[in-house]
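Trainee: could you work out the structure for the sequence below:
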Amino acid sequence: MNTHSFLADDDQQNKQYKYVLNNNTNKVQKHRENDRSASTLGNNCLRSFALKSAQQGDYTEAIATLTQLIYRYPHNAVDYNNRGLIYFQSGERGKALYDYNTALKLNPNLASAYNNRANYYAACGELAAALADYDQAIDLNPVHVRAWINRGITWRDLGQYEQAIENFEVAQIFGQLEGHIWAERGRTYHLWGDWNCAIADYRRALTQLPSLETTRDFTGSRLRLQIENWLKDLLSPERPIW
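Mentor: Numbers count the residues shown, from 1 in each chain. As a prediction, the model looks like this:
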C-alpha cells in the first residue's frame, strides 16, 4: 500500500465560504430579513468553521460543530459525509464508516461519499470494495477527479500499472490537481520500472505542488516530500538510468 493518503472529498462549497467571508454587513443584514436565508447562512458559517477547525488539526471542535448541524438536520447527508471524513482523518475509522453509510442511505447519489468510503476501504486493504465505490462515484459524477486519481492508486496497489496510468491520464483532462496526478503517474512508472518517465513526471509534479514554506496544504506538502525522496532514490549514483 502507499504511505500517502488517498484524496478525500468534503461537500463544502468554496463559493459559499467566499460569500460568508466577503459580503459586507448590509448584505448580511438583508439576508437576515428572511428567516430561511438567515438559517442557511448560519448553517454555512458552521460548516465553514468545521472545515477550518479540521484544517487546523482541531478535529474535536470540527466533529462537535458537525454533530450540532446533524442534530438540527438529521436527514442532511452532506453533514454526515463531512463528519465521516473528519472521523477518518482523526483515526476513528469505525465512526467514519458509520457516517459514510448513513450519508449514502440518506442520499444514494452522493458521489463524494462513495469516494470517501472507498478511501476507507483502501486504507483497510479492502481494494475490491474500494474499486467498487470509486466506480460508483465516477458513474454518478464522471468528472470526479479525486475518484479517478484514487482509483488509479488502487489499481497500482494491485499491480495493474497500465490501468492505473489510464486513470491518471483521464484525470488530467479535467485540469485539476495536476501536481497530484503527475506525482501518482510518476510513482506508477517508478514501480513499473520506467525510471526515465518517473523522473520526468516527478519533476512536473514539483512545478505544480506548493512550496513547503508557503502552504497550509498538508497533503500537498507531504506529497512534495515524498516526491523529493523518490527522486533522490532514482537519481542516486548507485542506480543506473536506462
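Trainee: domains for the chain, by residue range?
Mentor: What automatic domain parsing lists as the domains of the chain is 1-141, 153-242.
Trainee: mean pLDDT lowest for which of these?
Mentor: Ranked by mean pLDDT, the domains of the chain end with domain 1-141 in last place, scoring a mean of 82.
Trainee: just how off-centre is that one within its chain?
Mentor: Remark: domain 1-141 is offset 11 Å from the chain centroid, using Cα atoms, centre = their mean, to the nearest Å.
Trainee: hang on, the earlier thing: what would the domains of the chain look like in CSV with mean neighbour count and distance to Ala147?
Mentor: C-beta here means a position set from N, CA and C on the backbone, and glycine is covered the same way. What follows is these, written out as CSV (neighbours: other Cβ atoms under 10 Å; distance: least, Cβ to Cβ, whole Å):
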stretch, mean neighbour count, distance to Ala147
domain 1-141, 18, 4
domain 153-242, 17, 9
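Trainee: now do the SS call for Asn109.
Mentor: coil (DSSP: H, G, I helix; E, B strand; the rest coil).
Trainee: next, the contact list for it, please.
Mentor: Listed by Cβ atoms under 8 Å, 6 or more residues apart in numbering, the contact partners of Asn109 are Leu140.
Trainee: any idea how far it lies from Gln208?
Mentor: Distance of Asn109 to Gln208, given as Cβ to Cβ, to the nearest Å: 32 Å.
Trainee: with Thr67 instead?
Mentor: 36 Å.
Trainee: what segments of this structure are helices?
Mentor: Taking DSSP state H, the helices of the chain run over residues 14-22, 25-32, 35-55, 59-72, 77-89, 93-106, 111-123, 127-140, 145-157, 161-172, 178-192, 195-208, 218-234.
Trainee: can you redo those helices as JSON lines with distance to Ala8?
Mentor: JSON lines is the format used below for the helices of the chain (distance: least, Cβ to Cβ, whole Å):
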{"stretch": "helix 14-22", "distance to Ala8": "16"}
{"stretch": "helix 25-32", "distance to Ala8": "31"}
{"stretch": "helix 35-55", "distance to Ala8": "11"}
{"stretch": "helix 59-72", "distance to Ala8": "13"}
{"stretch": "helix 77-89", "distance to Ala8": "5"}
{"stretch": "helix 93-106", "distance to Ala8": "10"}
{"stretch": "helix 111-123", "distance to Ala8": "6"}
{"stretch": "helix 127-140", "distance to Ala8": "12"}
{"stretch": "helix 145-157", "distance to Ala8": "7"}
{"stretch": "helix 161-172", "distance to Ala8": "15"}
{"stretch": "helix 178-192", "distance to Ala8": "12"}
{"stretch": "helix 195-208", "distance to Ala8": "19"}
{"stretch": "helix 218-234", "distance to Ala8": "9"}
